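Student: predicted structure and sequence below. I'll ask about it afterward.
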Amino acid sequence: MIYLLLLAGVFMGWSLGTNDAANAFGTAVATGVVKYRHAIWIIAVLVVIGAFLAGENNIGKVAELSTSNEVTASEEAVKNAIANGTVEELRLKSALKAAIIFICAGVTVFIMSCLEFPVSANQSITGAIIGWGLFYADYSDPAILAVNLPQIEKFAMTWVINPVGAAIISFVLVKLVHKFLEKRLTSLAHYDTMIRIGYLGAGAFASYSIGMNSSANVTALYYDPFFETTGVAANLLTSAQVTAVIGGIAIALGVLTYSKKVMMTVGSSIAPLNQIEGFVVIIGMALTIVIMGNWMGIPVSTSQAVVGAVIGAGLTKGAKNVRFGVLKRIAVAWVSSPTVAGVMAYLVAWITSGYFG
Amino acid sequence: MGIFSKSNTAKVHTLILEQIKDVEGCLVSFSNFTKAAVDHGTSIETLRALAESVYQMEGAADRSLRAMIESLNNVAYLPATRSELIDVASKCDKIANKCEHVAEMMVLQKFRFPKEYTEEILKIMAITQKEFSVLVTAIGKLFSRFDELLKDHAILDEIRDLESEVDEIEMDLYERIYAQKNDLAERMQLANFVELVCDVSDIIEDIADRIQIMLITRKA
C-alpha cells in the first residue's frame, strides 16, 4: 500500500510529460514536419534513455537538497530509526512528505496555469522542498546552512543563468546556421531534408535532456540515498538509476497519453520563428539543460531555457524583435511559482507538524 | 517514406518543369494567335486553327499539373512545401487557362484588335513572354540554385518591372480607347480584351510574389 504514495510523483511526472514534450517537438508537429505519433514515441523512448544514462546525477543532487530540508530522512535519522525499530514508520513518513511536496508543486502548477503564467514544474518542486525545509530544518545550524545555502543560491542563479545561457547559445547557433548552412542549401529538397533532420535531431536531443534533467524531480524524493551505508530502506526506492528510470517512464506516460493539445499550442506560439530558427531554438534549449545540469548540478527549468532560446534567436534580427513587455510577466512567473509552492509547503508543514514534527 | 530520397524530389522537379514548358507552349501559341488577331488579313479559319493549338497546349498543361500533384504524394518534401509547390504550379496553370479563355472569347465574338493598337498589343505579348521566361528561370532556381535565390531576389524584381511596363501600356491603351468617339459597347469590348491579355502578366507577377513569400519564410 505504501507504494501507492509513489503515484503522487508519477502524476507529477505525467504532467511534466504532457507539458515538456511540447518543448521538444511542438513546432515540428504543429508544422507537419514530424507526425504526432512518431514524435511522442521518439520523446518517450529518449526521455527514458536520458533518465537511465544520465538521470542518476540529478537524483543525488535533489536527494541531497531534500535531505537537508528534512523531506528525506537524514543518515542519522535512519540510524536512530534502526536503533529504535521505527524504520517502517520513518519510511512511511518520508514517502508521505514526498507526496505532500508533489501535491504542493502540482497545485501551484495548476493555479499558475489557470492564471495563464508560464510555469516551471521543476522549480515548483524545488520551491516546495525549500519551503518545507524552512519550517523543519534548522537554518541557524552552520552545517545545514553550508548544504542548503549554495543550493538555494544555485537555484536563484538559474533564474538568470539558465535563460541567459540559452539565449546566448541560441543566438550563436542561429548566426552559425545563417553563415555556414544557408549557402549549402542549393535546392528546396535540400532545405526540406535539412529541416526534417534538424527537427528530428533537435527533438531527440531535447527529449534526452528532459529525461536527464526532469526525471530526478519527479521521483528523487522517494529515493533513500543512505541505503548503501545503512543497509535498510528508509524510503520507497533504493537505486538512483531505477529512481531516475521510474521518473523517466512517468514523463513518457504523460507524453504518450496527453501531450497533443499543449504540443500544438507551443508549436503555434513559436511559429513567428522560421523553420530553421525553430529547430535551432530546440537545440539551444537542450544544450543549455545539459550544460546547466552538469555545471550547476541541479535540475533546471526547461520552460526558462526555451524562453531564453527563443529570445536569443529573435535577437539575431535585432532587439526590436523581442517583446520585452512579455518578459516581465514571464519573470514574475519564474519567481512566483517556486515561491507559491514554497509557501504552500511551509503551511502544510506547519499544519502537519503534529504528525511529522 | 523516402525521407532522404533524391529521385522522388527529382521527379517532382522534372514534372514541374514539364508543366511550365507546356504553359510556355500555350503562351507561345496564344502569342501567335494574338499576332494573327491584330492582322486583319488573317482568315477566321486560320484564327480558329491557331486557337485550337492554344486549347491543346492548355490541355497538355492541365495533364502535366495533375501528374505533378500526384507525384507529390510520396515525396520527401514537407507538407508546407508541397502545398507551396501546388500553389505555384496551379497559378502557372491559370496562365494557360487565361490564354485559352481569351482565345475562345475572341473566336466566339469574331473579335479583332483595331489596327491602331497593333504595336501595343504585340509589345504586351512580347513583354509577357519575356516575363514568363524570367519566371521559368526563377522556378528552376528553386530546384537548383535555391541558395542564390535566398540571397538575391533581383530576378523576381525583374518580373515585377516587366509587369509594370505592361501596366503602363495597358493604362495608355485604356485612355486611348475611351477617348474614341465610337460606340461605348465597342470600346468596352476592346478594353475588356486588353484587360484579359494583360491579366497574363499579372498572374506571372502573382507567381513571383508567391515565390518571394516562400523565400522570406525560409530565410534564417
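Tutor: Looks like it arrived, so ask away.
Student: every contact and neighbour count from this point should use C-alpha atoms.
Tutor: Noted.
Student: so which residues on the stretch 101-250 of chain A come close to chain B?
Tutor: Residues of the stretch 101-250 of chain A lying near chain B by Cα under 8 Å from any Cα of the partner chain: A:174, A:177-178, A:182-189, A:192-193, A:196.
Student: give me the buried subset of these.
Tutor: Neighbour counting by 16 or more other Cα atoms under 10 Å in any protein chain shown classes A:174, A:178, A:182, A:185-189, A:192-193, A:196 among these as buried.
Student: reformat those as JSON lines; add distance to A:L16 and pLDDT.
Tutor: What follows is those, written out as JSON lines (distance: Cα to Cα, whole Å; pLDDT from 0 to 100):
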{"residue": "A:V174", "distance to A:L16": "28", "pLDDT": "90"}
{"residue": "A:H178", "distance to A:L16": "33", "pLDDT": "83"}
{"residue": "A:E182", "distance to A:L16": "35", "pLDDT": "74"}
{"residue": "A:L185", "distance to A:L16": "37", "pLDDT": "82"}
{"residue": "A:T186", "distance to A:L16": "40", "pLDDT": "83"}
{"residue": "A:S187", "distance to A:L16": "39", "pLDDT": "86"}
{"residue": "A:L188", "distance to A:L16": "37", "pLDDT": "88"}
{"residue": "A:A189", "distance to A:L16": "36", "pLDDT": "88"}
{"residue": "A:D192", "distance to A:L16": "31", "pLDDT": "90"}
{"residue": "A:T193", "distance to A:L16": "31", "pLDDT": "89"}
{"residue": "A:R196", "distance to A:L16": "26", "pLDDT": "91"}
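Student: thinking again about what came up before, in strands, which of the residues of the stretch 101-250 of chain A next to chain B fall?
Tutor: Using DSSP state E, no member of these falls in strands.
Student: can you point me to the longest helix in chain A?
Tutor: If you go by DSSP state H, chain A has its longest helix at helix A:142-176.
Student: can you pull the contacts of B:M125?
Tutor: B:31, B:197 (Cα atoms under 8 Å, 6 or more residues apart in numbering or on different chains).
Student: helices and strands of the chain: which one has the lowest mean pLDDT?
Tutor: Since you didn't name a chain, this refers to chain A. helix A:260-269 (a mean of 67; mean pLDDT, DSSP states H and E).
Student: my bad, chain B
Tutor: Using mean pLDDT, DSSP H and E, helix B:146-151 stands out as the lowest-scoring helix or strand of chain B, at a mean of 86.
Student: which of the residues in the helix or strand that comes right after that helix are buried?
Tutor: Using DSSP states H and E, the next helix or strand after helix B:146-151 towards the C-terminus is helix B:154-179. If you call a residue buried by 16+ other Cα under 10 Å, then helix B:154-179 has these buried ones: B:156, B:158-160, B:162-163, B:165-167, B:169-170, B:173-174, B:177.
Student: likewise for stretch A:87-95?
Tutor: Within stretch A:87-95, judged by 16+ other Cα under 10 Å, the buried ones are A:87-88, A:90-95.
Student: got TSV for the residues you listed, with distance to chain B, secondary structure and pLDDT too?
Tutor: Below are those laid out as TSV (distance: Cα to the nearest Cα, whole Å; DSSP: H, G, I helix; E, B strand; the rest coil; pLDDT from 0 to 100):
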residue	distance to chain B	secondary structure	pLDDT
A:V87	57	helix	93
A:E88	56	helix	93
A:L90	56	helix	94
A:R91	52	helix	94
A:L92	52	helix	94
A:K93	53	helix	94
A:S94	51	helix	93
A:A95	48	helix	93
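Student: for B:S144, which non-adjacent residue is closest in space?
Tutor: Nearest non-adjacent residue to B:S144, counting by Cα to Cα, 6 or more residues apart in numbering or on different chains: A:S187, 5.1 Å away.
Student: got the phi and psi for that neighbour?
Tutor: When read as degrees, to the nearest 10, the backbone of A:S187 gives phi -150, psi 160.
Student: also A:G318?
Tutor: Dihedral angles for A:G318 - degrees, to the nearest 10 - are phi 110, psi 150.
Student: pLDDT below threshold where in chain A?
Tutor: For chain A, the stretches with pLDDT under 70 are A:116, A:118, A:265-272.
Student: and the helices in it?
Tutor: Taking DSSP H as the criterion, chain A carries its helices at A:6-30, A:36-68, A:75-84, A:87-114, A:121-136, A:142-176, A:188-219, A:227-230, A:240-258, A:260-269, A:275-296, A:302-315, A:324-351, A:353-356.
Student: residues in contact with the fifth one: which ones?
Tutor: Okay, so that is helix A:121-136. By Cα under 8 Å, 6+ apart, helix A:121-136 touches A:16, A:65-66, A:68-71, A:101-102, A:104-106, A:108-109, A:152, A:214, A:217, A:299-301, A:337-346, A:349-350, A:357.
Student: let's see 6 Å
Tutor: Identification of contacts with helix A:121-136 by Cα atoms under 6 Å, 6 or more residues apart in numbering or on different chains yields A:69-70, A:101, A:105, A:301, A:337-338, A:341-343, A:345-346, A:349.
Student: and for the nearest residue to A:G32 once chain neighbours are set aside, the neighbour number?
Tutor: Leaving aside its sequence neighbours, A:G32 sits nearest to B:P79 (Cα to Cα, 6+ apart; 6.2 Å). When counting by other Cα atoms under 10 Å in any protein chain shown, one arrives at 16 neighbours for B:P79.
Student: swap in A:S336?
Tutor: 20.
Student: quick check: the gap between it and chain B.
Tutor: Distance, A:S336 to chain B, by Cα to the nearest Cα, to the nearest Å: 35 Å.
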